[in-house]
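Trainee: 3D model of this:
(chains A and B)
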Amino acid sequence: MSLPPLEIVLYAGAVSLLIIGLAGLVMSEHLVRLVLALGVAEAGGNLLLVLTGFRQGAVAPILLGAAPSGPMVDPIPQALVLTAIVIGVGVQALALALVLRVRRAYGTVHMSALRARLVEDLDEAAGLPPEGSREAPGVERPV
Amino acid sequence: MRNFTSLLFAGGLGFFLLVLAADLPLGAPPMLAGQGVLAEGAAATGAANLVTAVVLAYRGIDTLGELSILFAAAAGVGLVLGRARRRPDAEADPEGGFILLAAADLLFPLLVIVGLYIVLHGHLTPGGGFQGGVVLAAAFFLPLLGRPRNALDHAVIGWIEGLAGAVFVGIGLWALAARGEFLAPLLGKGTLGALFSAGTLPLLYIAVGLKVGAEIAGLMSTLQETEAAGS
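Mentor: Numbering: from 1, shown residues only, chains lettered A, B, ... in the order given. Next up is the predicted model:
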C-alpha cells in the first residue's frame, strides 16, 4: 500500500482541524470548551492559510549566505498567519474574560442552564409570567 | 438530534472544503506577489528573513492595525473584567510548591534571554517581535504563577505598551516625512545577515516585541487576578 502524497495529508489534516473545531463550537455545552474549540478551528484555518504558500521541496524564505539555496516557499501567507495567530490570542483572551463575567453574573458556564436563565431574565424584563413547569403549569403566553 | 445535525453540518462543510482544496494547485502555488518579494525583498529592505520584510516593510501598516487589534483586545479584557477584578476581602491564591517556585526562578533569566534574542534577530532568523514578545510575556508571567501576591504593576505595563506603540508610529511618521511613504525602510541597509542591518526594521521589531510582551503579560495577569478574586 502506497502512502498518499504529502500535500493531500497536509490539506486533509488542516481541514479536519477546522472541522473538529467547528463541530466543537456547535456542540459544546461548556463555555470554556467553546473557547478551546474556537482555538482548534483557528489552528486549522491558519494551517490552511500557510499551506497555500507550500511548495514541494522548497526551503523557508530566509536568505542564508550569498546564493539562495533552491526554491523558497511563499512568504506572504506566513506573514498573514503571524498576524492571525496574534489576533487569535487577543480574541481568546477577550472570550475568556467574557466567560468569567458570565460565571460571575449567572453562577454557571453551562449553555443549557444559561439559556434557561436568559429566557427567565428576558421574560421578567418584558413583564411576562413565568413559563411554568409540568408541576405548576403557567398561564397562556403570547407566542 | 441536535448533535446529529451538528455533526452532519460539520461533515458536510469538511467535504466541501476538501472538494475545494482538491482543485487548488497543491504544492505549486502561483505566488503572484510572492515571487516579487522573494526576488527583490532582500535588496529593498535588507532583511535576510523575507517574512519579516513582508510583515514590517511591505505590510507594515497591516502590522500597525494588528497591534491596534491586540491593544483593543487587552483594553476590552480590562473593561469587561473592570470593577470585578479584585475585591478587597478576596484572598490571593496560595504560593506555588517548590517545583513551580524553583522552575520559575530558574527559567526567568533563560526566557528573558531567549525572548530578547528572538526579538533582536527577527530580521535574520525565524522569529521576531511577536514571537519574542510572547516569550518575554511568559518570562514575566511564570513567577506570578508561583507567587500570586507579587502582582505585575499595571501602570508600568501601560507605560511600556504606550511608549512602544508610540515608537512604532513615530518611526512610521519619520519615514513619511523623509521618504514620503508611511513605514518606508530608512537608514542604511548594512550587510545582509549582519545583526545591525535592514535599517529601521529591527527597531520596529523591538517596539513590536515590547508592546506584544507587555500586552500579553498584562492580559494574563488581569485574568489571573480575577481568578484569585474568586466567584
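Trainee: and the lowest-mean-pLDDT helix or strand in chain B, how far out from the chain's middle?
Mentor: The helix or strand of chain B with the poorest confidence is helix B:32-45; it has a mean of 75 (mean pLDDT, DSSP states H and E). Here helix B:32-45 is found 24 Å from its chain centre; the criterion is Cα atoms, centre = their mean, to the nearest Å.
Trainee: Would you indicate which residues of that helix are buried?
Mentor: Of the residues in helix B:32-45, B:Gly34, B:Val37, B:Leu38, B:Gly41, B:Ala42, B:Ala44, B:Thr45 count as buried by neighbour count, 16 or more other Cβ atoms under 10 Å in any protein chain shown. C-beta here means a position set from N, CA and C on the backbone, and glycine is covered the same way.
Trainee: who touches the second one in this structure?
Mentor: Spelled out, that is B:Val37. A:Pro61, A:Pro75, A:Ile76, B:Leu50, B:Ala53, B:Val54, B:Tyr58 (Cβ atoms under 8 Å, 6 or more residues apart in numbering or on different chains).
Trainee: any chance of the residues you listed in a markdown table, with secondary structure and distance to A:Val35 too?
Mentor: Shown next, in a markdown table, are the contacts of B:Val37 (DSSP: H, G, I helix; E, B strand; the rest coil; distance: Cβ to Cβ, whole Å):
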| residue | secondary structure | distance to A:Val35 |
| --- | --- | --- |
| A:Pro61 | coil | 33 |
| A:Pro75 | helix | 31 |
| A:Ile76 | helix | 29 |
| B:Leu50 | helix | 34 |
| B:Ala53 | helix | 34 |
| B:Val54 | helix | 30 |
| B:Tyr58 | helix | 33 |
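Trainee: Can you tell me the closest non-neighbouring residue to the residue of chain B found nearest chain A?
Mentor: In chain B, no residue comes nearer to chain A than B:Ala73, which is 3.0 Å away by Cβ to the nearest Cβ. Excluding its sequence neighbours, the residue lying closest to B:Ala73 (Cβ to Cβ, 6 or more residues apart in numbering or on different chains) is A:Gly90, at 3.0 Å.
Trainee: Equivalent analysis for B:Gly199, please.
Mentor: Once flanking residues are discounted, B:Gly199 sits nearest to B:Leu187: 3.9 Å by Cβ to Cβ, 6+ apart.
Trainee: Let's check: the centremost residue of chain B is which one?
Mentor: For chain B, B:Phe130 is the residue whose C-alpha lies nearest the centre (Cα atoms, centre = their mean; 3.0 Å).
Trainee: quick one: that residue and A:Leu82 touch, right?
Mentor: Yes. With contact defined as Cβ atoms under 8 Å, B:Phe130 counts as touching A:Leu82 (5.9 Å).
Trainee: Is B:Ala47 in a helix, a strand, or coil?
Mentor: With DSSP: H, G, I helix; E, B strand; the rest coil as the basis, B:Ala47 sits in coil.
Trainee: returning to what we had before: for B:Val119, state which of the buried residues of helix B:32-45 is nearest.
Mentor: Among these, B:Thr45 lies closest to B:Val119 (Cβ to Cβ), at 17.5 Å.
Trainee: where does chain B have low pLDDT?
Mentor: Within chain B, the segments meeting pLDDT under 70 span B:1, B:27, B:83-93, B:188-190, B:193-195, B:227-231.
Trainee: ranges for the helices of it?
Mentor: B:2-22, B:32-45, B:50-52, B:60-81, B:98-120, B:129-146, B:154-179, B:201-229 (DSSP state H).
Trainee: any idea which of the ones you listed is most buried?
Mentor: Mean neighbours per residue, mean count of other Cβ atoms under 10 Å in any protein chain shown, is largest over the helices of chain B for helix B:50-52, with a mean of 29.
Trainee: wait, does that one make contact with chain A?
Mentor: Yes. Using Cβ under 8 Å from any Cβ of the partner chain, helix B:50-52 reaches chain A at B:Leu50, B:Val51.
Trainee: Which residue is the nearest non-sequential neighbour of the residue nearest the centre of chain A?
Mentor: Per Cα atoms, centre = their mean, the C-alpha nearest to the average position across chain A is that of A:Leu38, at 1.5 Å. Excluding the flanking residues, the one nearest A:Leu38 by Cβ to Cβ, 6+ apart is A:Leu25, at 6.3 Å.
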